[in-house]
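S.K.: Please work out how this folds:
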Amino acid sequence: MTVMLSTEPLLRGLQLEYLTFVREPNTVDLCDKTLNDFIPSDKNFNLYAHQCEALNSLNEGKNVVLRAETGSGKTESWLLYSISKRVRTLAVYPTVALQSDQTKRLREIAQMTNLSIGVISGREKTEGTVLESADIVTTNPQQLLMEIKRVRTYEYLNSPFRKFLSSVQLIVLDEFDFYGSSKASLLLELLGLLISHVIGRQIQIVVVTATLSNPEEFSNRLSELTGRECAIIQGKAPRPQITTYLILGRRGVVDELHKISRSLSSEWGDYSLDYEEFKRVFHKFVSDLKWRPSKNYQLIRRGQRISSRPYNKDDVILLLRNYERDEAVTLVFTKGVNSANELKKWLPSAGVHHHYVSEGERRRLEEDLAQGRKKVGISVRTLSQGINFPNIGRVVHYGLPQSVREYIQKNGRAGRDPKKMPVSEIVVFPLTEDDMAIMAGGINEWESLGPEVLIYTAENKYPKLLRELIEAKLGLSGSYELLKEMGLYKERLNERGEEEFYAVNFYTRGKTYENMIPVVVDGRKYTEISMKDLVEKYQPGYLDHVNDAVITSVTQKEGYTVNETSVREGLHNVPNCVAQGIQAYLQVKKSWEELTEEGVKKFAEDLLRGKIQPKVTVGFSYEKQGFTRYTEFPHSVSWIVESEGKQMIPLGDGKGVLEYRTREIELACSKVGRYEDYTYVYESDLDPRDDEESVTLGHAFVSAVLRRKFGVQHNHLRFFIQPMGLGKESKNRVVIWEYEPTALVERLRKGGISVRNEELNCSRLEDELRKINEDELVKVIMRWIDPGIRPSKMASWEKLRELGIRYLGYLCDRTVVNTKKVGVATVERKPALAISAIYLGEEAIICGFNGNYICGKEKVREAISESVLSGSLESIVHFGQSEILSKLGVTNSAILRVMGFYDVHQIYLSKLGGERPISLEKLYDEIFSEQVNRDIYKKFSDMIVKGDSNRKEVAEEVAKLKAYQIYMLYCVADLI
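M.R.: Presented below is the predicted three-dimensional model:
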């Protein structure tokens with residue numbers, strides 16, 4: 001048993017204040033089966049109950065969906081079945097790196113059981129008869145897709161992998177959560193293709209997941225593919241006692257902030273607390289200093305200044321030096337490479353582990369940590385997976401990761417074997433304002449957000465598109481309705497369909513070389529990115545905070561290469577656009593009176609401190625509503641510069657909030673690349689009462705609540721405002737799209753989806769928006785969604801709620817008025833006269849409608865005159881063509897009010913009001929769903945293009961139709 005130092009006395013000795021949270025040990029039920037019942041081993045022990053349940057289900061011939069935590073013995077749940085029954089197994093892992101780690105482990109077990117292990121990855125491939133006869137083969141989805149695409153080729157017929165697959169009995173999809181929602185759905189469809197066209201018979205499937213949203217629907221699909229029942233099994237992991245230390249700051253800082261809180265309690269009313277009580281709400285108070293309106297500007301400013309650096313880097317280093325003499329190993333996770341290297345500089349006996357370190361050095365450090373020769377390992381992410389050493393007792397977070405999944409994953413490295421390590425520790429040093437805000441909501445509350453859920457819907461067309469593309473390419477008979485709908489098929493794949501087939505890859509669409517773009521920092525390659533990454537982020541001028549570098553160029557020879565220069569090297573030889581951006585930055589700092597150091601040095605310092613954030617605005621075009629092909633392209637690259645000091649933003653009643661000034665600097669760098677794929681897109685015309693800011697806040701609020709309450713990825717939904725038309729009569733359109741195609745929005749609108757054992761639909765989401773109380777974590781998530789949202793914009797929770805409910809109207813496609821309830825079909829009053837004109841060159845074809853159609857300038861003028869004289873005409877309604885009235889000699893008078901189409905919309909707005917947006921477009925569709933022959937518009941448009949001589953006759957029909965439509969819209973507005 002490892003004896004571990006306690007962090008508590010160390011923190012006291014360093015004069016650091018902290019909070020502790022103790023999680024009691026988690027025990028897992030055992031079953032009566034032991035390891036030796038399945039394989040010979042020197043280490044015999046009883047299996048967990050969920051492992052036995054999975055093994056029993058497999059022995060009964062069922063599929064298994066195992067929803068299990070990290071460290072719960074997931075692998076043994078299927079591996080013991082494979083070994084004991086000699087079941088030929090294909091194990092699919094999401095990445096080459098994970099595949100490599102698991103293959104290494106399987107080979108260690110294979111030595112004890114006389115198993116043969118085969119590998120097919122991008123880096124390694126078992127050859128010939130060894131692969132054909134392997135008991136277990138590991139692979140990844142891209143290799144499976146390549147194999148399926150080769151079906152019916154000569155190369156495939158002689159493939160050893162095909163021969164292995166022809167006798168495979170079990171397929172395991174491990175680490176299923178890693179894929180994300182759309183890729184998980186795609187993998188399931190890939191499995192169906194494999195079974196149908198390669199394996200050709202029923203097999204068993206095991207899916208290992210922790211976050212699948214609706215396992216029942218998913219299991220039904222597995223049963224369809226295999227003809228077998230599916231068992232859904234829950235699995236917990238054993239855990240030692242875990243103590244979390246949440247660092248507040250130096251004792252003097254906490255004491256000073258306590259005094260300020262008491263001074264503010266007369267205004268805020270909830271901080272008349274003693275010192276120990278104040279520590280429990282320390283981070284909430286720090287968050288209130290940022291977000292909460294106040295009249296005491298000077299106290300707020302002082303409190304913000306003190307709380308901005310509650311502890312020093314030296315405090316962290318001194319604590320870590322104590323850990324170097326511990327029996328247990330400590331893993332330290334930082335936000336970036338620069339901070340990892342900074343800590344290493346002051347801790348020479350510690351090891352550093354990130355992508356800048358060679359693979360050989362990383363492996364040596366792993367061995368040193370496993371053997372206890374080194375006690376502290378420092379990493380950004382690379383030590384968070386595949387590291388299962390029983391002597392790791394502590395994880396330190398120097399700054400929080402943005403992803404809860406990543407936080408949980410990193411914490412899972414400690415206390416893997418409770419028998420050897422009965423206690424473990426998590427130490428959290430909040431580093432940024434967002435970290436502080438997370439702490440204000442509560443570290444346990446934040447962790448309880450859990451990983452983002454995997455969303456599976458049977459209706460998702462994205463995986464169906466893959467299936468139809470491959471089956472059509474194989475020449476199989478089928479209706480191929482989706483391919484036809486997308487314009488890819490007519491009797492066979494057309495040219496565009498062929499292009500799509502060859503562009504299909506598992507992780508991102510496009511040719512393989514397009515998705516292996518090297519990123520080179522100061523001449524040294526450190527990773528590869530996809531074309532999607534290039535378009536959305538890695539543009540010239542972009543600031544790469546992971547590497548503390550600036551992208552100086554994207555070169556293209558045989559393929560793209562991203563070149564970066566580290567700010568630690570002095571920013572030499574940057575392109576003109578970056579140099580001009582730095583000069584613009586210096587001008588901004590000068591205008592704020594904050595330029596006190598050498599320019600480039602100050603720029604580098606601010607970049608390292610996160611005071612300059614990159615922004616790539618991406619253009620988005622699409623072909624149609626619903627499931628559609630889209631194109632992304634980089635539109636602009638900017639830097640968001642944040643001031644050192646804050647300014648007061650007044651909010652009324654003498655109150656205000658302090659917030660940083662910001663300035664956006666757009667760079668004149670060239671933009672590179674474009675990316676095409678498929679997703680779901682939804683349109684709605686924008687209510688004129690709404691603008692981009694209100695929709696941005698509403699969108700962020702709804703997305704944050706979806707993440708907070710239902711686990712939906714916070715950036716799953718995206719939107720933009722699309723201008724339509726010009727001038728007063730113009731309108732804007734809200735376009736909402738899914739970042740990865742899942743058909744989630746369709747399910748929200750049409751009945752719902754099971755998420756975290758709850759039914760989620762539009763009504764349920766609206767209920768949640770109405771009842772959710774002010775929540776710090778929701779505000780943090782909103783800032784993740786859009787860092788441009790300032791504190792002053794979130795000062796009123798009720799305003800955010802109102803905007804969220806309005807945005808839900810766009811998201812859920814809710815028509816505000818049911819026109820059938822207001823009697824449109826039985827209008828029994830003298831209606832307004834509606835007029836419309838169609839222009840053919842200089843000639844105006846004018847028609848009206850007042851219960852009867854009237855065409856021709858003179859006849860319309862007569863109808864107006866008669867109505868005015870009789871006093872029966874209340875209004876003339878036109879379609880934004882006020883020049884028609886002047887041609888007719890009509891002016892406003894006491895009994896004649898002239899209105900435009902825009903004015904009709906205002907009638908709707910004034911009469912309906914309400915929380916939801918009002919869409920004339922949707923009202924229009926409802927009113928005219930049966931009466932209007934929409935084909936006439938297309939016919940007229942085609943005739944204009946062709947210069948058809950008969951277009952005047954059709955123009956009159958169009959003018960009549962438009963007059964009738966305007967008339968009906970006005971009647972509905974008048975009756976509401």
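S.K.: all contacts plus neighbour counts: C-alpha atoms, from now on.
M.R.: Will do.
S.K.: could you list every residue that touches residue 40?
M.R.: Neighbouring residues of residue 40 by CA atoms under 8 Å, 6 or more residues apart in numbering: 112-113.
S.K.: And the contacts of whichever helix or strand residue 111 is part of?
M.R.: With secondary structure defined by DSSP states H and E, residue 111 is part of helix 96-113. With contacts defined as CA under 8 Å, 6+ apart, helix 96-113 is touched by 39-41, 83, 92-93, 116-117, 119, 121-123, 138-140, 386.
S.K.: Pull out the buried members of those residues.
M.R.: Under a neighbour-count criterion of 16 or more other CA atoms under 10 Å, the subset of the contacts of helix 96-113 counted as buried comprises 83, 92-93, 116-117, 119, 121, 138-140.
S.K.: what pLDDT, on average, does stretch 203-213 get?
M.R.: For stretch 203-213, the per-residue pLDDT values average out at 87.
S.K.: Give the buried residues for it.
M.R.: Of the residues in stretch 203-213, those scored as buried under the neighbour-count criterion (16+ other CA under 10 Å) are 203-213.
S.K.: export the buried ones among the contacts of helix 96-113 to JSON lines and tack on distance to residue 343?
M.R.: As requested, the buried ones among the contacts of helix 96-113 are arranged in JSON lines below (distance: CA to CA, whole Å):
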{"residue": "83", "distance to residue 343": "45"}
{"residue": "92", "distance to residue 343": "37"}
{"residue": "93", "distance to residue 343": "34"}
{"residue": "116", "distance to residue 343": "44"}
{"residue": "117", "distance to residue 343": "41"}
{"residue": "119", "distance to residue 343": "38"}
{"residue": "121", "distance to residue 343": "36"}
{"residue": "138", "distance to residue 343": "38"}
{"residue": "139", "distance to residue 343": "37"}
{"residue": "140", "distance to residue 343": "36"}
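S.K.: For residue 256, the count of nearby residues, please.
M.R.: The number of residues packed near residue 256 is 13, by other CA atoms under 10 Å.
S.K.: Equivalent analysis for residue 305, please.
M.R.: Neighbour count for residue 305, taken as other CA under 10 Å: 14.
S.K.: Can you tell me which one of the buried ones among the contacts of helix 96-113 sits lowest on pLDDT?
M.R.: residue 121 (80).
S.K.: ok, that residue - contacts?
M.R.: Applying CA under 8 Å, 6+ apart, the residues contacting residue 121 are 96, 99, 138-140, 143.
S.K.: is it true that residue 510 touches residue 516?
M.R.: No: contact status for residue 510 versus residue 516: not in contact, 10.5 Å apart, counting by CA atoms under 8 Å.
S.K.: circling back: relative to residue 763, which of the buried residues of stretch 203-213 is nearest.
M.R.: Sorting these by how near they are to residue 763, with CA to CA, puts residue 213 at the top with 18.8 Å.
S.K.: Quickly list what the residue lying closest to that closest one once chain neighbours are set aside is bridged to.
M.R.: With sequence-adjacent residues excluded and distances taken as CA to CA, 6 or more residues apart in numbering, residue 213 is closest to residue 755, at 4.6 Å. Residues found in beta-bridge contact with residue 755 (criterion: DSSP bridges) are residue 758.
S.K.: one step back: mind putting the buried ones among the contacts of helix 96-113 into JSON lines with secondary structure and distance to residue 523?
M.R.: Formatted as JSON lines, those follow (DSSP: H, G, I helix; E, B strand; the rest coil; distance: CA to CA, whole Å):
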{"residue": "83", "secondary structure": "helix", "distance to residue 523": "47"}
{"residue": "92", "secondary structure": "strand", "distance to residue 523": "35"}
{"residue": "93", "secondary structure": "coil", "distance to residue 523": "32"}
{"residue": "116", "secondary structure": "coil", "distance to residue 523": "41"}
{"residue": "117", "secondary structure": "strand", "distance to residue 523": "38"}
{"residue": "119", "secondary structure": "strand", "distance to residue 523": "33"}
{"residue": "121", "secondary structure": "coil", "distance to residue 523": "28"}
{"residue": "138", "secondary structure": "strand", "distance to residue 523": "34"}
{"residue": "139", "secondary structure": "strand", "distance to residue 523": "32"}
{"residue": "140", "secondary structure": "coil", "distance to residue 523": "30"}
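S.K.: Out of those, which comes closest to residue 278?
M.R.: Checking the buried ones among the contacts of helix 96-113 one by one against residue 278 (CA to CA), the nearest turns out to be residue 93, at 47.7 Å.
S.K.: quick one, what contacts that closest one?
M.R.: 99, 138-141, 173-175.
S.K.: Quick check: the farthest pair among the contacts of residue 121?
M.R.: The largest separation in those, counting by CA to CA, is between 99 and 143 at 11.8 Å.
S.K.: These two: who's more crowded?
M.R.: Set side by side, residue 99 and residue 143 give different neighbour counts by other CA under 10 Å, the larger being at residue 99 (21 against 16).
S.K.: returning to what we had before: list just the nearest of the contacts of residue 121 to residue 563.
M.R.: residue 96 (24.6 Å).
S.K.: residues contacting the closest residue to residue 504 other than its chain neighbours?
M.R.: Sequence neighbours aside, residue 510 is the residue nearest to residue 504 in space, at 6.3 Å (criterion: CA to CA, 6+ apart). With CA under 8 Å, 6+ apart as the criterion, the residues that contact residue 510 are 502-504, 531.
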